Structure formats: structure tokens, C-alpha cells
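1. build me a model from this:
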Amino acid sequence: MHQSWIARASFWVIVFTTLFLLVTGCGKMKKMVGITQEDEDEEYPAEVSQETVVIDNKTFVRSRNPYYLIYPEQPEYIYAEKGTEFEGLQVSLAKSVAKYISKEKGKAGTGIPPEKLQEMVRQEVERILREQGQGGVLYASRVKSTSPYTGRAVAVIPALSETPKGYDGINLTLANGLRAELQRQKDLTVINEEATKEALTKVTGSKLAARHNIQALGDALGVQGIIITQVIPPGTRDSSGYLVMEVYETFLGSQVKALPEASPPGALTIDAAYTAVRKDAGLLADQIRGLDWFGRIEFMKEGKVFLNVGNNSGLKPGSLLAVVQPGKEIINPQTQASLGYTADIIQGELKVTDVLGNNGAAATIVTGGPFKPNEKVKGR
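-> Residues are numbered from 1 along each chain as shown. You can find the predicted model right below:
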């Protein structure tokens, strides 16, 4: 009798525990993907349904990115082809994924490891997207990199052609001082002054920071980032002068950050340049670390692909890399403003076979090819 009572009590404890886990699991899942009761009732902002762009005679509508709260590196909004998007996609996904995870937890009877949970979420989201015709979305913006590969390479280049001649000395001090400070950062590779001078022969036109010039300099130097320094003397409307340090990423050739340090009249000196370097070097180093990680194909020989990234990036034999091209820029036809870029275009896949040093690796082609020097590779 006593044992029967214990058995019945144990049964109901298990039942209530299971129900509790299912309910809290569902709630946690909803919380993880960002759904609350307020979210279910929320109306999407007007610009989500009203902002459209036309690319190749196809209309794309700006809407919530279903991956946004599942993968931290994803942008909040995407451009999906008109007719394939639907309002409330994020909420619908959250409900479906929460239901799916609860069911799987019930089957397993035990806790699910975090990495397994993430994979289950990814598979369920991709299944729903396929059913809803959501493949091939366009990314509205690029975001800070969350690549597993570390280490970045950077070049510091003074814009001497765009600086009044009397300020060349200050600008060179600014660039050289910044180069020296960044060289102290163990996870940054800083290109020397002579190499940057040689790379400047690749520049065309009068504007050093033009997108095509940034990309050409990046390819010539093998870097992910470039910092351009410039001195702007006092003008008639502004009595202050400025020491400017601008960060550019070389994958797309776009500006990431600009730091103008104002100097009062008569204070644009070499000492002011040193002060600006000491103040901003750490912030600029963080900006470089946050750039999208990618490497370049150096050359191909005897069936192998040789890359300009190695131990400094954490590459290991067996690492898989995608060969990619930048996506298309999205221009608002009414305002001509740039809205961002489409997702990278994957050309093929490589598998690292040997790491040759800090800045070199050899790989074999898994798919795609043949490839050419300066084609870009990113982590899979």
C-alpha cells in the first residue's frame, strides 16, 4: 500500500515536472527569439511595408529578418522579393520554433545541449523559410563580424595629395604615430610605410578614399582595413583645424568610422598629432578588430590554392572557407541613397590542407573554380 502510494506520487511528480519543462522551455524559446505578448500584438513600423526598391526589374520589400534574433550577426531588416514576404514573419517563426523545440524536449526527456538547440533552431527556421518561399533574401546592411577567425591586417596611409603642403609634416606624424601604436596590438598586422607607398601606385583619380581605390589598396596590401589620415586647416567659416583619422573596410571599400579631432587656431602642431594618436589609437584598433574577416587568394599552383591568411587568423588544417564576391549595392531609386548590399555571392568552397605561417595557408578546391588572385575567402 505504501509502495503503491509512492509510485502514484512519483508518477504525478514526473507528469508535472514534464509539463513545467515543456511550458518553461516554450517560454524560454519565445524569449530567446524575442517574442512576447506585446510583440504578438505589435504593428510593424510603416517603413517596413512601405520601403521598396527595384533591382533588375524586380520589386523588393523591406521587412523583418527571420534570422535576426536567432543569429546575432544578422541584420534586423532584409529586402525580400515582393510577394514572398508576409507580415508577422518573426512572430510566426517564433511560435513554430518554440512548438518544435518543446516537442523535441519531450522526446528527449532530458536537457538539450546549447549547441544542439541552436542547430535545431537553425534547421526549423530554414524549413519554414523554404515553405514560405523566403530563400535568397537581400541584406539591408552589413554588421560587425562574428567570424571565428581572429586577427586583422591594416594599413595607415596619409592623404598627402588632399592635404595643404604646409601640413604634410603634421599629417606624416599623425600616420607614423598611429602606425607605431597599432603595431603594439598583438592581434593586428600593420603594413609598413614602404609597402603603403608602393601600393599607392594603384590609386586612380584624385580622391584616395574612393571605393574602387580602397578596394585596390586592400588587394595590393592584403589587408581588411585601411586608416586614412588627413589634416584640415582652419577655414573662413570654421576657425578650428582638424586632425582626421578615417577607417575603411576593403571588402566593399566603404567607410566605417571617422574621428575628427578639433584643434583651436594656431594649435595644429606635431604635438597635437601625437596627442590625437594617444587618445584615439585604442578606439581605432577596436574598429579594425570589428571588421568583417576575410582573406584573399594569392595564387594557384599544381591544383592547390594559396591564401594570404594563416596562423594569425586561427586557421587550421580542415578549415572550410567560401570563395565569395561582394553582393550588389541597393540604391533607392527616389533618393539615390545607398541602402546596403545584397548577400555575398558564393563562388565555391575551399578546404585548408596546410597552414604555412602567420600569413599563409594552402587549400584544395571542394567546389567551384578555377579561381583567380585576389578573390576573397570567408569562413563557412
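2. now residue 171, what's its secondary structure?
-> helix (DSSP: H, G, I helix; E, B strand; the rest coil).
3. my read: it touches residue 232, true?
-> No - counting by CB atoms under 8 Å, residue 171 stays clear of residue 232, with 10.2 Å between them. C-beta: built from backbone N, CA, C; applies to glycine.
4. my guess is residue 213 contacts residue 203. True?
-> Yes - judged on CB under 8 Å, residue 213 makes contact with residue 203 at a distance of 4.9 Å.
5. contacting residues around the longest strand seen in the chain?
-> Using DSSP state E, we find that the single longest strand of the chain is strand 345-357. Defining contact as CB atoms under 8 Å, 6 or more residues apart in numbering, one finds that strand 345-357 is touched by 304-307, 310-311, 315-327, 361-369, 371, 375, 377, 380.
6. let's go with 6 Å and repeat that
-> Identification of contacts with strand 345-357 by CB atoms under 6 Å, 6 or more residues apart in numbering yields 305, 310-311, 315, 317, 319-325, 361-364, 366-369.
7. just the buried ones from the residues you listed?
-> 305, 310, 315, 319, 321-324, 361-363, 369 (16 or more other CB atoms under 10 Å).
8. in the stretch 101-250 of the chain, mark out all the helices, start to finish.
-> In the stretch 101-250 of the chain, the helices defined using DSSP state H, counting those that start in this stretch lie at 114-131, 168-182, 193-199, 211-221.
9. and those, which one averages the lowest pLDDT?
-> Note on the helices of the stretch 101-250 of the chain: lowest mean pLDDT is at helix 114-131, with a mean of 61.
10. where does the stretch 251-380 of the chain have low pLDDT?
-> For the stretch 251-380 of the chain, no stretch is flagged by pLDDT under 70.
11. bridging residues for residue 354?
-> residue 362 (DSSP bridges).
12. show me the buried ones among the contacts of strand 345-357 that map onto strands.
-> 305, 321-324, 361-363.
13. do you know how far residue 183 is from residue 176?
-> 11 Å (CB to CB, to the nearest Å).
14. quick revisit: with distance to residue 227 added, can I get the ones in strands among the buried ones among the contacts of strand 345-357 in TSV?
-> Listed next are these as TSV, based on distance: CB to CB, whole Å:
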residue	distance to residue 227
305	29
321	26
322	27
323	27
324	24
361	26
362	30
363	30
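15. check the residues you listed and tell me the two furthest apart.
-> 324 and 362 (19.2 Å; CB to CB).
16. got the domain boundaries for this protein?
-> 2-139, 152-289, 295-379 (automatic domain parsing).
17. and residue 21, what's its pLDDT?
-> 40.
18. same deal with the one 5 residues further on?
-> What the model reports for residue 26 is a pLDDT of 42.
19. residues contacting stretch 153-168, please?
-> Outside stretch 153-168, the residues touching it (CB under 6 Å, 6+ apart) are 171-172, 175, 178-179, 188-191, 196, 208, 221, 223-231, 233, 288.
20. quick one: contacts for residue 331?
-> So residue 331 contacts residue 338 (CB under 6 Å, 6+ apart).
21. for the remainder of this discussion, apply numbering that starts at 391.
-> In the new count, where the first residue is 391, that last one comes out as residue 721.
22. quick check: bridge partners of it?
-> Here residue 721, judged by DSSP bridges, has bridge partners residue 728.
23. neighbours around the residue nearest to residue 606 when sequence neighbours are not counted, how many?
-> Among residues not flanking residue 606 along the chain, residue 592 sits closest, at 4.4 Å (CB to CB, 6 or more residues apart in numbering). Applying other CB atoms under 10 Å, we find 15 residues neighbouring residue 592.
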